[in-house]
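Chemist: model the structure of this input:
(one chain, ligands or ions: 1)
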Amino acid sequence: MRFILAVISCVYACGAFAQSGRIPVAAEHGIVVSSHHLASEAGMHVLQQGGNAVDAAIATAFALAVTLPSAGNIGGGGFLVYHSTDGFVTSFNFREKAPLAATRTMFLNDEGEVRDNSNHEGMLSVGVPGTVAGLVLAHERLGSMAWSDLVAPAVTLAAEGFPSTRAMQGFLEMLSRTDDPLYDATREAFLKGGTDVYDPGELWKQPDLAASLQRISDQGHDGFYAGQTAQLLADFSARHSGIITLADLASYEAEEQAPVHGIYRGYDIYSMAPPSSGGVALIEMLNILEGYDLAGMGHNGAQYLHVLTEAMRRAFADRAEHLGDPDFNPNMPLDRLTSKEYAARLRESIDLSQASKSDSSQFAALYTAYESEETTHLSVMDGAGNAVSLTYTLEHSYGSRIMAEGTGFLLNNEMGDFNPIPGRTNSRGLIGTPPNVVAPAKRMLSSMTPTIVAKDGKPVLVVGSPGGRTIINTVLQVILNVIDHDMTIAEAVEAPRIHHQWLPDVSSFESLGISPDTRRLYEALGHEVRLRGTQGRAHCIAAEGDLLYGAADSRSYDGRAIGF
Ligand code: GLY
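Modeler: Reported below is the predicted structural model:
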């Protein structure tokens with residue numbers, strides 16, 4: 001608790017400022033925005049100690065693995081995009097991999113159907129985790145503080161506990177009603193005495209997680225991928241019909257790779273390249289939309305929403321046809337998909353007075369892969385102007401919900417992001433195609449879109465969100481809100497959003513977000529609309545002049561932007 005009290009008192013005593021809502025927090029020396037205030041505080045504390053943006057992002061990510069177990073993780077994977085204040089840009093790919101024993105048809109029964117939802121539930125749904133390898137690699141390349149100092153806040157939060165949050169109540173109640181032995185360790189870790197639900201505000205300690213984090217603190221990469229943690233994972237997997245072995249863990253490597261780059265109205269856009277589809281689809285949409293006077297159409301007017309939808313439709317069709325793990329798809333046409341010429345051709349196919357139709361018949365083999373909307377995003381800028389955009393995930397909320405005894409952390413169910421039935425066309429219309437079928441050591445396609453926007457070589461926006469495929473469209477709209485509609489970063493984050501993903505050919509509007517009049521005009525163009533609750537939780541930063549502005553999305557339970 002010492003660390004927490006030190007940080008909380010720092011927020012009030014050290015001139016730090018916190019925000020959530022429509023007014024961004026302004027700061028001079030650094031800002032962290034994440035989905036849990038204690039994690040934002042952990043990152044800010046690192047900045048106050050002289051750490052850089054990468055140091056703070058690592059500390060925030062480890063703290064979220066403790067305080068936001070629905071998506072913060074060390075048992076999952078993700079992506080980090082970095083832009084230094086002097087123009088150096090890179091990214092880190094720590095997406096999970098399929099185990100070495102994985103096969104194309106590993107989820108299918110004799111009839112060729114998915115067996116017992118096995119791509120989403122049970123040990124076969126678990127990919128080889130990447131988060132720890134990714135954070136270690138980012139630290140080796142760009143970190144400045146001692147590794148153990150970055151893991152320490154998370155160790156303290158796990159060992160000394162923090163107040164259980166209302167956001168966890170639904171999961172805890174569900175857990176208390178199950179007795180499946182597969183989730184024994186999960187119940188032990190999450191429930192009081194292994195059986196009772198913590199009330200919001202009650203102190204929740206995670207001793208096994210603290211021990212796992214301490215091994216990572218002491219031994220870095222090997223503290224997770226070898227030794228006790230690896231052995232506990234491999235033994236558990238073997239006992240529960242899983243296929244993850246010590247060899248899978250020992251061979252896992254994160255990768256540093258070039259981000260995908262585009263230019264939108266004079267701004268440089270840097271985002272995640274495959275195995276995320278996010279960056280390519282984002283830049284394709286921005287290129288299409290650059291040809292329209294979006295400001296003149298007015299924010300969220302029917303004509304504006306129409307051209308947004310048509311750009312989304314085209315980018316998501318290309319996502320389905322072309323994108324997957326680059327190690328297994330060496331010939332993806334990334335240059336073409338992100339080119340201005342291609343966007344101009346797509347724009348010519350858009351009729352301003354009528355919706356296009358999404359046509360799946362152009363593909364021989366479509367399959368609908370459900371993609372969860374859980375994930376979490378954090379943004380950091382330090383006082384020098386270095387920026388980190390980091391999105392990581394367990395796939396479903398609380399991932400597979402499986403915890404190997406003695407480890408204290410949840411395992412992902414990211415294998416569900418692969419196409420489980422090679423060659424299957426599905427009329428429901430969620431998409432998975434040959435580039436994204438299962439193979440040993442392959443990474444599943446993602447929609448995570450950690451993005452940094454730069455002007456004249458300096459980061460000016462750090463953007464990202466959870467939300468499965470909606471992530472890409474959430475990031476798109478936040479960027480358009482700032483660049484085309486002249487919003488502050490907080491207004492841009494708060495503004496209502498829409499989503500279209502080619503198939504199914506339906507647009508979703510946030511309920512209460514778009515007026516009934518606008519909806520009628522939009523539907524008159526031939527679009528079908530469904531209402532949804534909220535879309536994404538974008539935690540973003542803007543830099544302007546000498547100040548940094550942070551905005552935590554009010555769609556998030558415990559999110560907070562904190563700067564100093
Ligand atoms: N599992 C969510 C994503 O990778 O986009």
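Chemist: what does this protein put close to the ligand?
Modeler: Taking C-beta under 6 Å from any ligand atom as the criterion, the chain approaches the ligand at residues Glu371, Ser372, Thr375, Thr393, Glu395, Asp417, Ser446, Ser447, Met448, Gly468. Placement of C-beta: from N, CA and C, glycine included.
Chemist: beta partners for the fourth one?
Modeler: In this case it means Thr393. Taking DSSP bridges as the rule, Thr393 bridges to Gly77.
Chemist: quick one: residues contacting it.
Modeler: 71, 73, 76-78, 374-376, 412, 414, 446, 448, 466 (C-beta atoms under 8 Å, 6 or more residues apart in numbering).
Chemist: and it, what pLDDT?
Modeler: The per-residue pLDDT reported for Thr393 equals 98.
Chemist: next: the second one.
Modeler: Taken from the predicted model, the pLDDT recorded for Ser372 is 61.
Chemist: if we can go back for a sec, okay, and which of the contacts of Thr393 map to strands?
Modeler: Among the contacts of Thr393, the members falling in strands are Gly77, Gly78, Thr376 (criterion: DSSP state E).
Chemist: what is the burial count for Lys192?
Modeler: As a burial measure, Lys192 scores 14 neighbours (other C-beta atoms under 10 Å).
Chemist: longest helix in the chain, by residue count?
Modeler: helix 302-322 (DSSP state H).
Chemist: check the chain and tell me which residue is nearest its centre.
Modeler: Thr391 (3.6 Å; C-alpha atoms, centre = their mean).
Chemist: ok, now which ones touch it?
Modeler: Here Thr391 is in contact with 78-79, 272, 375-378, 448-450, 464-466, 471 (C-beta under 8 Å, 6+ apart).
Chemist: repeat that with 6 Å
Modeler: Gly78, Phe79, His377, Met448, Pro450, Gly464 (C-beta atoms under 6 Å, 6 or more residues apart in numbering).
Chemist: surely it is within a strand?
Modeler: Yes: according to DSSP: H, G, I helix; E, B strand; the rest coil, Thr391 belongs to a strand.
Chemist: from Ala61, how far off is it?
Modeler: 10 Å (C-beta to C-beta, to the nearest Å).
Chemist: repeat for Ser446
Modeler: Taken as C-beta to C-beta, the span from Ser446 to Ala61 is 16 Å.
Chemist: Arg345 now?
Modeler: 40 Å.
Chemist: who has more neighbours, these two?
Modeler: Higher neighbour count among Arg345 and Ala61: Ala61, with 31 against 11, using other C-beta under 10 Å.
Chemist: and the pLDDT at that one?
Modeler: At Ala61, pLDDT is 99.
Chemist: same check on Gly423?
Modeler: Looking at Gly423, the pLDDT reads 77.
Chemist: what comes up buried for stretch 158-177?
Modeler: Of the residues in stretch 158-177, 158-162, 164-165, 167-168, 171-172, 175-176 count as buried by neighbour count, 16 or more other C-beta atoms under 10 Å.
Chemist: all helices of the stretch 251-400 of the chain, in order?
Modeler: Listed in chain order, the helices of the stretch 251-400 of the chain (DSSP state H, counting those that start in this stretch) span residues 278-289, 294-297, 302-322, 334-337, 340-348.
Chemist: please identify the deepest-packed of the ones you listed.
Modeler: The highest mean neighbour count among the helices of the stretch 251-400 of the chain, using mean count of other C-beta atoms under 10 Å, belongs to helix 278-289: a mean of 27.
Chemist: could you say what helices and strands that one packs with?
Modeler: When contacts are defined as 3 or more C-beta pairs under 6 Å, 6 or more residues apart in numbering; DSSP states H and E, helix 278-289 packs onto strand 260-264, strand 267-271, helix 302-322, helix 334-337, helix 340-348, helix 470-483.
Chemist: returning to that earlier point: so which elements touch the longest helix of the chain?
Modeler: In terms of contacts (3+ C-beta pairs under 6 Å, 6+ apart), helix 302-322 is packed against helix 278-289, helix 516-524.
Chemist: could you dump the ones you listed to a markdown table with distance to Ala454 and mean pLDDT?
Modeler: Shown next, in a markdown table, are these (distance: least, C-beta to C-beta, whole Å; pLDDT from 0 to 100):
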| stretch | distance to Ala454 | mean pLDDT |
| --- | --- | --- |
| helix 278-289 | 14 | 98 |
| helix 516-524 | 33 | 98 |
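Chemist: want to throw those helices into JSON lines with distance to Met297?
Modeler: What follows is the helices and strands packed on helix 302-322, written out as JSON lines (distance: least, C-beta to C-beta, whole Å):
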{"stretch": "helix 278-289", "distance to Met297": "10"}
{"stretch": "helix 516-524", "distance to Met297": "12"}
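Chemist: nearest to Tyr267, out of those?
Modeler: helix 278-289 (9.1 Å; C-beta to C-beta).
Chemist: element containing Val453?
Modeler: strand 451-455 (DSSP states H and E).
Chemist: mind checking the end-to-end distance for stretch 277-297?
Modeler: With C-alpha to C-alpha, to the nearest Å applied, stretch 277-297 spans 28 Å between its terminal residues.
Chemist: again but with stretch 161-177, I slipped
Modeler: 24 Å.
Chemist: and which of the ones in strands among the contacts of Thr393 is nearest to Ala315?
Modeler: Proximity of the ones in strands among the contacts of Thr393 to Ala315 (C-beta to C-beta) peaks at Gly78, which lies at 21.4 Å.
Chemist: not counting sequence-adjacent ones, nearest residue to the closest one?
Modeler: For Gly78, ignoring the flanking residues on the chain, the nearest one in space by C-beta to C-beta, 6 or more residues apart in numbering is Tyr392 at 2.6 Å.
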